[in-house]
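Novice: Following is a predicted model, sequence given first.
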Amino acid sequence: MKGWGWKWRRGPGRPPKPRFLSFRPREIVFIPHSSDGTPLPPKEPIVLTPDEVEALRLVYIEELTQEEAAKRMGISRGTLWRTVNSARKKIVLAVVEGRPIIISSETY
């Protein structure tokens with residue numbers, strides 16, 4: 001499988017499987033602005049991880065089924081579903097609360 005491998009570690013316990021990503025996202029920050037173009041007061045940013053961005057890209061942009069997207073990333077369908085769900089919740093939280101979104105390119 002070609003692509004870029006990404007994995008993170010939360011602490012003790014079983015390490016998660018590496019996820020295979022077809023691209024390495026750049027570090028990007030989206031800062032909310034009011035309707036007159038001024039930035040909103042700073043709030044705690046929401047961070048999207050590289051695997052969350054890849055899962056969203058495969059499911060919503062490439063329109064793959066969850067089974068196909070999970071196979072491409074080298075993870076189970078359940079793990080893909082949890083990753084997509086986590087990313088969606090983060091994006092909605094950022095929109096509703098007017099918080100910045102950071103797309104992280106870091107590996108942990």
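Specialist: Everything's here; your move. Numbers count the residues shown, from 1 in each chain.
Novice: What about Ala55, how many residues nearby?
Specialist: Residues near Ala55, counting by other C-beta atoms under 10 Å, number 29. Every residue, glycine included, has its C-beta placed from N, CA and C.
Novice: Wait, it touches Arg82, no?
Specialist: No: between Ala55 and Arg82 there is no contact under C-beta atoms under 8 Å: 9.3 Å.
Novice: where does the chain dip in pLDDT?
Specialist: Within the chain, the stretches with pLDDT under 70 are 1-11, 107-108.
Novice: try 80 this time
Specialist: Applying pLDDT under 80 to the chain picks out residues 1-18, 23-26, 105-108.
Novice: quick one: the helices in it?
Specialist: With helices called from DSSP state H, the chain shows them at 50-56, 66-73, 77-97.
Novice: Show me the beta-bridge partners of Ile101.
Specialist: When assigned by DSSP bridges, Ile101 has beta-bridge partners Phe30, Ile46.
Novice: if I pick the residue nearest the centre of the chain, what's in contact with it?
Specialist: The centre of the chain sits closest to Glu52, judged by C-alpha atoms, centre = their mean, with a distance of 2.3 Å. By C-beta atoms under 8 Å, 6 or more residues apart in numbering, the contact list for Glu52 reads 83-84, 86-87, 90.
Novice: now do Val53
Specialist: Listed by C-beta under 8 Å, 6+ apart, the contact set of Val53 reads 25, 87, 103.
Novice: what do you get for Gly98?
Specialist: Gly98 neighbours (C-beta under 8 Å, 6+ apart): 32, 40, 43.
Novice: Can you tell me which of those residues lies closest to Lys71?
Specialist: The shortest gap between Lys71 and any of the contacts of Gly98 belongs to Pro32, at 35.6 Å (C-beta to C-beta).
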